[in-house]
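> sequence first, predicted coordinates after that:
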Amino acid sequence: MESQFILPVIAIVWFLLVAHFLTAIGRIFFQREMLETTTGFSEESWPFVSIIIPARNEEKNITRCLEGLLNQSYPKDRYRIIVVDDDSSDRTAARVMSLQELHPNLCLVSADGLPEGWTGKNHACALGAKHATGVFLCFIDADLFAGPHLLSSAISYAVDHRVALLSLSPFQELVSLAERILLPGIFICIASTMNFKNINKSSKPDAVANGQFLLFKRESYDAVSGHEGIRGEIMDDLALARKIKASGLRLAFLFGDALARTRMYDRWTAIWEGFSKNLSEIVRTERISRVIGKGIQFLMLAWMPLALPLLTCSALAQSSNLLSCLSFYLAMAGAAGLLIAMIATIKTLGLPAGYALFFPVSLTMFVIILINSFMGKRMGRRAWKGRVYQSDDS
């Protein structure tokens, strides 16, 4: 191939890659189904709900989480909160006990060690389920802050739509500089690999859930053996979602921006550890070829908007022929499209538009964490919350 054709070919490939990525992002915005706020209920009586919170070293989050759940518009005598202390070494249990005195529907359970073959969260959730009663089981992470109508809205939707598992994605709070720089790009990369419309279709095998909020019909939870049936899984939410769909039961994944908020990771090290444990599974990179492919794709999306316009501009300055013009305009159109999409993402997360300039860094970090996650899974060794889990994945 003659040298004058190399840059135009690169520009065309780049433009097609950007178009594919922007289509995926556009699909996200159009397919996002929001859970509407509901204060009433169509049935004669509200069903009883047990809310289960697995908590390991959640001293920073547990009070805020419980205060939100204890102040629900849902009738106080129709729900119970069970916090399972998963061998915390901080004041998690003490914080719960201080609230117990004022709230009789709040219960604290101790996990008392981790049995062999279990992950900590699965064991805590299974233990909480054994202490639970009622028609619904609602598993909530300690870093989720519930608005007053979260429970009534979720229960109303689950009943009206006959859902076996309802999972919600809450609004993401980004506070520290590390969160604001790294997480928007990581979120958009993950979301671009999903098809939310197919997730909510019973006829499609796509299954995704967010472990921060899982609302089960009790009979559906028991039908798939609950957390006991996935005792060794790191990705408990994904495993349960797949079992629900495989059993012919209905799964619904909605966005609850107006009803719940979360701050997943408050510093760089937490972002690294949190996504390293499961990112490879989230974006379905089971083979090294897929890791390489995703890595190249997102690195091109990260750095080509900076490099390609400069290269094509230089080529255009030397010779303003048709190929040089085509290369330049394709490069500029792709870069402009990405910038608009990144600004839209940043604004959706409630951040100043200027943070869109950090997307090259964010996408690069996504690739690095993806490689680390894949290697950890391949070696059968993953760490989370002070525990190291060994598996036979290698």
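Received the coordinates, thanks.

> burial count for residue 390?
11 (other CB atoms under 10 Å). C-beta: built from backbone N, CA, C; applies to glycine.

> what is it paired to in the beta sheet?
Here residue 390 sits in beta bridges with residue 381, as judged by DSSP bridges.

> can you report how many residues lie near residue 114?
Residue 114 has 16 nearby residues by other CB under 10 Å.

> am I right that it sits in a strand?
No - with DSSP: H, G, I helix; E, B strand; the rest coil as the criterion, residue 114 is assigned coil and is not in a strand.

> what sits against it?
Contact analysis of residue 114 by CB atoms under 8 Å, 6 or more residues apart in numbering lists 86-87, 120, 123, 387.

> just the pLDDT for it.
In this model, residue 114 is scored at 90, pLDDT.

> returning to what we had before: would you turn the contacts of residue 114 into CSV with pLDDT and secondary structure?
Below are the contacts of residue 114 laid out as CSV (pLDDT from 0 to 100; DSSP: H, G, I helix; E, B strand; the rest coil):
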residue, pLDDT, secondary structure
86, 93, coil
87, 91, coil
120, 92, helix
123, 95, helix
387, 77, strand
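
> return a ChimeraX selection command for the buried portion of those residues.
Per 16 or more other CB atoms under 10 Å, the buried members of the contacts of residue 114 correspond to this ChimeraX selection:
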select :86,87,120,123
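
> need the contacts of residue 114 in JSON lines with distance to residue 74, can you?
Formatted as JSON lines, the contacts of residue 114 follow (distance: CB to CB, whole Å):
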{"residue": "86", "distance to residue 74": "26"}
{"residue": "87", "distance to residue 74": "30"}
{"residue": "120", "distance to residue 74": "29"}
{"residue": "123", "distance to residue 74": "28"}
{"residue": "387", "distance to residue 74": "34"}
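
> who's in contact with the residue lying closest to residue 183 once chain neighbours are set aside?
Counting by CB to CB, 6 or more residues apart in numbering, residue 174 is the residue found nearest to residue 183 once chain neighbours are left out, at 5.7 Å. Going by CB under 8 Å, 6+ apart, residue 174 touches 180, 183-184, 263, 349-351.

> next: residue 173.
Residues counted as contacts of residue 173 (CB under 8 Å, 6+ apart) are 261-263.

> 10 Å instead, please
Counting by CB atoms under 10 Å, 6 or more residues apart in numbering, residue 173 touches 143, 145, 179, 261-264, 266, 349-350.

> do you know how far it is from residue 142?
Distance from residue 173 to residue 142, counting by CB to CB, to the nearest Å: 14 Å.

> and residue 250, by the same measure?
In this view, residue 250 and residue 142 are 28 Å apart by CB to CB.

> who has more neighbours, those two?
More crowded of residue 250 and residue 142, by other CB under 10 Å: residue 142, with 24 against 18.

> if we can go back for a sec, quick one: the contacts of residue 173 as CSV, columns for distance to residue 227, neighbour count and secondary structure too.
Shown next, in CSV, are those (distance: CB to CB, whole Å; neighbours: other CB atoms under 10 Å; DSSP: H, G, I helix; E, B strand; the rest coil):
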residue, distance to residue 227, neighbour count, secondary structure
143, 19, 21, coil
145, 23, 20, strand
179, 29, 22, helix
261, 25, 18, strand
262, 21, 23, strand
263, 24, 19, coil
264, 21, 19, coil
266, 26, 17, coil
349, 31, 18, coil
350, 33, 11, coil
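
> just the helices in the stretch 151-300 of the chain please.
Remark: helices assigned in the stretch 151-300 of the chain by DSSP state H, counting those that start in this stretch are 177-191, 196-199, 218-223, 236-246, 268-276, 279-282, 288-318.
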